[in-house]
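[1] using only what follows, build the 3D model:
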Amino acid sequence: MFGFTNKKRLKRSLEKIKEEIKDLKKDIVSKSEIELIIENKILKLREANPQTSQTPIRKRVNKLLNKAEIMQEIRTLEQQGLSTTEAYDQIVNIKGLCRKSCFYKYLKIVRGNIAQTPQTDIK
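    Numbering: from 1, shown residues only. This next block holds a predicted model:
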């Protein structure tokens, strides 16, 4: 009788395990389904936030224009008589046009250009 009850218990536990496996299989999402879900969410995000795709040439042109604008701003601040720290505060901290290293690089270029161009007063 002892062996008979063990077989019944074993059979019940196996049935429970089979039912649990069936439930788990229902909950499991396949890898392809996950990829589809991710692609759909990416498409929705792109539709919500359309980004203009820029060609590498356009990016370079915009970068050069920004550099020229920043250098022009530094030049005008220098001509107004502002000190380097005041110009730095204006461009980097207040306006946020560039970072610290770029500012000093542009300042060096601007001062080099000012030294090369002769300043003549016409009387």
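
[2] just for the chain, where's the confidence low?
    Scanning the chain for pLDDT under 70 picks out 1-5, 29, 48-65, 114-123.

[3] show me it divided up by domain.
    By the assignment in automatic domain parsing, the chain contains the domains 2-48, 56-116.

[4] deepest-packed of those, please.
    Greatest average neighbour count among those goes to domain 56-116 (a mean of 13), per mean count of other Cβ atoms under 10 Å. All C-beta spots, glycine's among them, are computed from the backbone N, C-alpha and C.

[5] and the strands in this protein?
    Counting by DSSP state E, one finds no strands in the chain.

[6] any idea how far Glu86 lies from Ile74?
    Between Glu86 and Ile74 the distance is 11 Å, computed by Cβ to Cβ, to the nearest Å.

[7] show me what the helix ranked longest in the chain is packed up against.
    For the chain, the helix with the greatest residue count under DSSP state H is helix 2-27. If contacts are counted by 3 or more Cβ pairs under 8 Å, 6 or more residues apart in numbering; DSSP states H and E, helix 2-27 sits against no helix or strand.
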